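Colleague: below is the sequence, then the predicted model.
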Amino acid sequence: MHLILLGPPGTGKGTQAKLIAEKLNAAHIATGDLFREAVRQGTELGKQVGAYMERGELVPDELTIATLLERMRQPDAREGAIFDGFPRTLQQARALDEALAGHGMAADLALLIDAPDDEIVRRLSGRWLCPACGRIFHEVSQPPKQEQLCDGCGGELMQRDDDKPEVVRKRLEQQRPPEELLAHYRKQGKLVEIDGAQEVEAVTRDLLAAIEKTTVVS
Ligand code: AP5
């Protein structure tokens, strides 16, 4: 299956994508993770995208699409993938349609996870993540068993530079999925809205129910 997770920053796309990818044995493709890794390694891509991310702005489509297409060529992504944080623009959606159509495939569902702004700010200000394995925590709702250490690999947890309050405000202003992107998937009958303000387990349950419905229907 090819599933797309859409939604404003901090609604739980990464948390849910990891759970669902594991459950469905699909690749988890997150453009934000790919960009952060490039910045961490100081690659040419990292140098190009770092400033956009620090300012809370979208990386230009051309660079984002090229990064996504390269990741899609890796063997683990051939059968199916969970796209987390991609596409964010209509141009990106069209590029993904084209890439999948080139292999006789199409996205199965676009799942829009939303939550109120005050909940998003609460989540992002308390987020911690493991740079080694990518696991995501929250100091109140998803705390690690040992303070500052990853439950999965024992790595030291860190906070993201773009989770500073002033950058979060800008990301919330600029990075809501645009209406034309939602309309693109609505027209195809693939857009499903999920209440992301619920507890993690309830969001996962609703996502899996929507996915199961599509599998039964198709
Ligand atoms: P990206 O990494 O994609 O960031 P984002 O979309 O802003 O989303 P986040 O990762 O901040 O949040 P999330 O929805 O994954 O929530 P999470 O699960 O972590 O992008 C970063 C940057 O890269 C962008 O600003 C842009 O510059 C660039 N970029 C990336 N993709 C791009 C694209 N396609 N085009 C252009 N530029 C692009 O959860 C957040 C917190 O809440 C965690 O602490 C978690 O534990 C907690 N939590 C999660 N769910 C719940 C719940 N149900 N209840 C309570 N707490 C919860």
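Modeller: Nice, thanks for sending it over.
Colleague: longest helix of the protein?
Modeller: When the chain is parsed with DSSP state H, its longest helix is helix 200-217.
Colleague: now do that one: which elements does it pack against?
Modeller: Packing contacts for helix 200-217, counted by 3 or more CB pairs under 8 Å, 6 or more residues apart in numbering; DSSP states H and E, involve helix 13-24, strand 109-114, strand 191-195. Just so you know, the C-beta spots here come from the backbone N, C-alpha and C atoms, and that holds for glycine as well.
Colleague: go ahead and name everything in contact with the second one.
Modeller: Defining contact as CB atoms under 8 Å, 6 or more residues apart in numbering, one finds that strand 109-114 is touched by 1, 3-8, 11-13, 16, 177, 182, 185, 190-197, 203, 207, 210-211, 214.
Colleague: and the ligand, which of those residues contact it?
Modeller: 7, 11-13, 203 (CB under 6 Å from any ligand atom).
Colleague: top of those by neighbour count?
Modeller: Of all those, G12 has the most neighbours under the rule other CB atoms under 10 Å, reaching 27 neighbours.
Colleague: can you give me the neighbour number for the residue lying closest to it once chain neighbours are set aside?
Modeller: For G12, ignoring the flanking residues on the chain, the nearest one in space by CB to CB, 6 or more residues apart in numbering is G196 at 5.2 Å. Residues within reach of G196, counting by other CB under 10 Å, total 27.
Colleague: list the contacts for G196?
Modeller: Here G196 is in contact with 7, 11-12, 113-115, 203 (CB under 8 Å, 6+ apart).
Colleague: and it, how far from L6?
Modeller: 11 Å (CB to CB, to the nearest Å).
Colleague: cool, G126 as well?
Modeller: Relative to L6, G126 is positioned 23 Å away (CB to CB).
Colleague: most proximal residue of this protein with respect to the ligand?
Modeller: Proximity of the chain to the ligand (CB to the nearest ligand atom) peaks at G32, 2.0 Å away.
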